[in-house]
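S.K.: Give the three-dimensional model of this entry:
(one chain, ligands or ions: 1)
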Amino acid sequence: MEEKWEHPQDTEVLGALDLGGASTQITFQPGVPVEDRNTSVFFRLYGTNYSLYSHSYLCYGQSQALKMLLAALHQASSSAQISHPCYPQGYQENLTVAELYDSPCVRAPSSASPGLVLRVTGTGDPAACGTAVQRLFNFSCGAQWPCGFNGVYQPPVRGQFLAFSGFYHSLHFLNLTGGQSLSLVNATIWQICNSSWEQVQELFPTASRTQLRDACTASSYTLTLLLQGYKFNYTTWPNIHFVQQVANVDVGWTLGCMLNLTNIIPSEPLTAVTELPRNIWIAATVLLAIMLILSFCLLTAMCYQRNSSGYEQL
Ligand SMILES: Nc1ncnc2c1ncn2[C@@H]1O[C@H](COP(=O)(O)OP(=O)(O)O)[C@@H](O)[C@H]1O
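M.R.: Here you go, the predicted model:
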């Protein structure tokens, strides 16, 4: 770095995968020009220009996706009893219609009365869970080919990626953030989704009730989003590095935002100074020079006067 914030020319640009509570983002440097202007980003960081692909899917963050799944299961059941295939078998909870439909990502059916209490029962069924999670997405590309999901254009993923926030937390809980193979990840998620409420409590005695309830749903959602959503596969899976920190700093959208903003700070005042018209710049310099010369003359004259009046007194 030679004590300068410069981008070494031969280093690889890492992609970023962020799974927040409300939305998920993918950003990377594609191998082809970005065909859709809505998803192309030109970005200048410490003197280097980058042309990137980036898209944010609203409502596909972890919390909202899990809510969409529950709402879809409720609407499919058409009663106050909801069978949840991703919750552990034997798990039960009550929630009201108002609590379920409290976000813009889920639209309440007109027939649902807000005060109605819904009873959710886990069935711990990995195959049905996988199917229910996949139904949250529309995988057909339509005119936008190649695509991610919901008809959003996305070039094929390329290079190494850092996956953080919800991607990290959902897999870290199952000890799957250490470079495990995709087969092992699949098998572990299948196993947790096949477990009963008693079994998950025994497996993770210190975990909270919510963590235990959501372990299967969150990890299944993460895997579906990465494989079918963002189109990673067996070959590109090892290129995803699940991280919470890089060089002892928490990674997330706030760090990226800060880096982007701090890079802008020095360039703005400089632009303002160099954009002064040339003739005004010359006039100001000449005026300053004249004032300096006049001040010097005045000071000399005052000193001379004081000295000569002193001699007269003597
Ligand atoms: N320490 C944690 N342990 C387990 N899950 C977490 C932890 N922190 C965040 N999560 C989960 O990861 C998801 C994203 O969290 P976060 O990055 O804080 O969201 P946002 O970007 O919206 O602020 C949330 O759904 C949350 O449940």
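S.K.: Residue 188: which element?
M.R.: Element membership for residue 188, per DSSP states H and E: helix 182-193.
S.K.: Output the contacting helices and strands for the next helix or strand after that helix.
M.R.: Sequence order places helix 197-203 as the next helix or strand after helix 182-193, per DSSP H and E. Identification of packing neighbours for helix 197-203 by 3 or more C-beta pairs under 8 Å, 6 or more residues apart in numbering; DSSP states H and E yields helix 209-224. From N, CA and C alone the C-beta is placed, and that goes for glycine too.
S.K.: what's the helix it packs on in contact with?
M.R.: 19, 62, 65-66, 69, 86-88, 91, 93, 122, 124, 126, 129-130, 133-134, 136-137, 166-167, 169-171, 173-174, 176, 185-186, 188-189, 192-193, 195, 197, 200-201, 204, 207 (C-beta atoms under 8 Å, 6 or more residues apart in numbering).
S.K.: still on that earlier bit, which other helices and strands does the helix holding residue 188 contact?
M.R.: Judged by 3+ C-beta pairs under 8 Å, 6+ apart, the packing partners of helix 182-193 are helix 126-134, helix 209-224.
S.K.: any idea of the angle the first one forms with helix 209-224?
M.R.: Read that as helix 126-134. On the basis of axes from the mean of the first three to the mean of the last three C-alpha atoms, to 10 degrees, helix 126-134 is oriented at 70 degrees to helix 209-224.
S.K.: Helix 126-134 vs helix 182-193, what angle?
M.R.: Counting by the same axes, to 10 degrees, helix 126-134 points 100 degrees away from the direction of helix 182-193.
S.K.: next one: phi and psi at the closest residue to residue 108 other than its chain neighbours?
M.R.: Nearest-residue entry for residue 108: residue 101, 3.7 Å, with adjacent residues in sequence omitted and distances by C-beta to C-beta, 6 or more residues apart in numbering. As for residue 101, its main-chain torsions (degrees, to the nearest 10) stand at phi -100, psi 50.
S.K.: Repeat that for residue 229.
M.R.: Dihedral angles (degrees, to the nearest 10) for residue 229: phi -80, psi -70.
S.K.: Give the helix, strand or coil label for the residue lying closest to it once chain neighbours are set aside.
M.R.: With C-beta to C-beta, 6+ apart as the criterion, residue 229 has its nearest non-adjacent residue at 4.7 Å, and that residue is residue 149. Following DSSP: H, G, I helix; E, B strand; the rest coil, residue 149 is assigned to coil.
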